[in-house]
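[1] Any chance you can model this:
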Amino acid sequence: MSKITIAITTFKREDKLIDCVNSILNQSFQDFQILIGNDDQNKKISTEKNIFNNSKITIINNTKNLGERDN
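    Got it, this is the predicted structure:
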């Protein structure tokens, strides 16, 4: 199990998501996993893109937009 889990939520911002994931993967500290929650039910994120084809990354494509969470 990784020491750190980095959770990222995204909605229609794949270009910014790619920048974010690249930044995380290029860190010197490597004992982490990345959990991506995609709220865009019309565009699934796939591990077919090289950036997401990494054992440290888990993608959850939600079947509906869960929106922001209220406290």
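
[2] Give the other helices and strands that the helix or strand hosting residue 22 contacts.
    Element membership for residue 22 (DSSP states H and E) is helix 14-25. Applying 3 or more CB pairs under 8 Å, 6 or more residues apart in numbering; DSSP states H and E, one finds that helix 14-25 contacts strand 4-10, strand 32-38. Using the backbone N, CA and C atoms, a C-beta is placed for each residue, glycine as well.

[3] let's go with 7 Å and repeat that
    Helix 14-25 sits against strand 4-10, with contacts defined as 3 or more CB pairs under 7 Å, 6 or more residues apart in numbering; DSSP states H and E.

[4] and the strand it packs on, what does it pack onto?
    Counting by 3+ CB pairs under 7 Å, 6+ apart, strand 4-10 packs on helix 14-25, strand 32-38.

[5] Output those as JSON lines; include the columns mean neighbour count and mean pLDDT.
    Converted to JSON lines, these look like this (neighbours: other CB atoms under 10 Å; pLDDT from 0 to 100):
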{"stretch": "helix 14-25", "mean neighbour count": "14", "mean pLDDT": "95"}
{"stretch": "strand 32-38", "mean neighbour count": "17", "mean pLDDT": "96"}
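
[6] Quick check: the gap between residue 31 and residue 6.
    Residue 31 sits 11 Å away from residue 6, going by CB to CB, to the nearest Å.

[7] Who has more neighbours out of these two?
    More crowded of residue 31 and residue 6, by other CB atoms under 10 Å: residue 6, with 16 against 9.

[8] Does the more buried one have any beta-bridge partners, and if so which?
    For residue 6, the beta-bridge partners are residue 34 (DSSP bridges).
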